[in-house]
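> Here is my input; please provide its structure:
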Amino acid sequence: MSTEVTVFFIIKQDSFRTIYDNVRCMSKFSSVVKAGLCSGFWLGYSPVASGTVGTIPAIIFYLWVARNISESLQTVMLLLGLIMVSILTIALGPWAESYWNKKDPSKFVLDEVAGFLFTILFFRTPDITLTVIWAFLATRFFDIVKPPPAFQAQNAPGGWGILLDDLIASFYAAIFLHTVNWAFPWAFGST
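As a prediction, this is how the structure comes out:
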């Protein structure tokens, strides 16, 4: 083999290795981005109560909406946020289950974000702080208890199973909060 051919072969081989390394690096980067999204900006990695801690992005989003968006558009913004997070949950759910090698992995908290947004979409008080406290407590309670059919909904495939149980639990939370608000309006800042 001539020197020119040998040099060309080595350069080509190194070029393929560089391309392979770049693709592998991009794949790792993609996994890091997906893991960051799925875990609520890594809050899902909390060693204690990852779902509870993972609700923080939803609370921050709601507080931003409540303070910066006119009341007439708040429901639209919350609905858009819920739709976006739900689509991400359904789309990234199968990847997350494969990545963390577990059905509905605890590090995956987009479903908790969707659950909280669902609750506050259907239940808000004039007091932003009371809305956050009551919606957070009720959403977390019903997500942990998972009354039927929330528990059964976990068996749906992929991202659907991850999402549906939280949305059903949040439906219970919203009904509960409206009922308690009706019975004890003073606890929600109403007279």
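> buried sites along stretch 79-99?
For stretch 79-99, the neighbour count (16 or more other Cβ atoms under 10 Å) marks 81-82, 85-86, 88-90, 92-93, 95-97, 99 as buried. Quick note: C-beta positions are derived from backbone N, CA and C, even for glycine.
> Quick one: residues in contact with that stretch.
Contact with stretch 79-99 is made by 31, 34-35, 37-38, 58, 61, 65, 103-105, 107-108, 110-111, 113-114, 117-118, 121, 158-163, 167, as judged by Cβ atoms under 8 Å, 6 or more residues apart in numbering.
> now do stretch 113-127
With Cβ under 8 Å, 6+ apart as the test, stretch 113-127 has contacts from 40, 54-55, 57-59, 61-62, 75, 78-79, 81-82, 85-86, 89, 131, 134-136, 138-139, 143, 163, 166-167, 169-171, 173-174, 177-178, 181, 188-190.
> circling back to that earlier point, kindly write the PyMOL command that selects the buried subset of the contacts of stretch 79-99.
Only the buried entries of the contacts of stretch 79-99 go into this PyMOL selection, using 16+ other Cβ under 10 Å:
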select buried, resi 34+35+37+38+58+61+65+104+105+107+108+110+111+113+114+117+118+121+158+159+160+161+162+163+167
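> Buried ones among the contacts of stretch 113-127?
Of those, these count as buried by 16+ other Cβ under 10 Å: 40, 54-55, 57-59, 61-62, 78, 81-82, 85-86, 89, 131, 134-136, 138-139, 143, 163, 166-167, 169-171, 173-174, 177, 181, 188.
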